[in-house]
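K.L.:
next input, structure requested:
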Amino acid sequence: MPLSKTLIAAALLGVATLSSPGFAADEYNTSNGLTAAGAPLGMHGVDPVAFVNLGNRIDGAANHTAVHDGVAYYFSSKESMDRFTADPAAYLPQNGGFCTFGVSVGKKFDGDPQYAAIVDDKLYLFLNEEIFQAFQKDEAGTIAKAEENWKKIRSTAAKDL
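P.N.:
Residues are numbered from 1 along each chain as shown. Below is the predicted model of the structure:
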């Protein structure tokens, strides 16, 4: 390939990468790699609609995938996927899917749907059982601190915190 075509291809790839919302500085907690939809996987593949509506962790499947803001989410059924697509904000985990307790102290830790809570119809994820139990001692305070910190750290890479 001639040098000019190589440079143009590299420039276009760079622009595409930088302009994709899903690849911003760790704004969403995603799994490594890409799904068949071409986007990284959110919520460890757990169906966020089933979680919010049923309060139970149900794994989604790749054949029911919706991409929102550059992140792919798996759903357990077409109905769940359609509900999400109609109103993503009602089902997305808070703080980009990062551990809410971690965000409350200015960090971006993995949010594991195995340790989660629904508070005021919002989904919050946590790193592990110990952190989840710490959250339960002061839910309102932790959520308030996380909301305040998220505004400051949302676009900051996790490694820079």
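
K.L.:
which regions of the protein lie under the pLDDT threshold?
P.N.:
1-25 (pLDDT under 70).

K.L.:
recalculate using a threshold of 90.
P.N.:
The model of the chain has pLDDT under 90 over residues 1-26, 32, 55-56.

K.L.:
correct me if wrong: Tyr91 contacts Met81.
P.N.:
No - assessed by C-beta atoms under 8 Å, Tyr91 is found out of contact with Met81, at 10.5 Å. C-beta here means a position set from N, CA and C on the backbone, and glycine is covered the same way.

K.L.:
shared neighbours, those two?
P.N.:
Val49 (C-beta atoms under 8 Å, 6 or more residues apart in numbering).

K.L.:
who has more neighbours out of the two?
P.N.:
Each of Tyr91 and Met81 has its neighbours counted (other C-beta atoms under 10 Å); Tyr91 has more, 25 against 21.

K.L.:
for Phe101, see how far away the closest residue to that one other than its chain neighbours is.
P.N.:
Leaving aside its sequence neighbours, Tyr91 sits nearest to Pro48 (C-beta to C-beta, 6 or more residues apart in numbering; 4.3 Å). Computed as C-beta to C-beta, to the nearest Å, the Pro48 to Phe101 distance reads 19 Å.

K.L.:
strands paired with the host helix or strand of Ala62, and their directions?
P.N.:
Ala62 belongs to strand 61-68 when elements are defined using DSSP states H and E. Paired strands of strand 61-68, with direction, are strand 71-75 (antiparallel) (DSSP bridges).

K.L.:
for stretch 52-60, buried residues please.
P.N.:
For stretch 52-60, the neighbour count (16 or more other C-beta atoms under 10 Å) marks Val52, Arg57, Ile58, Gly60 as buried.
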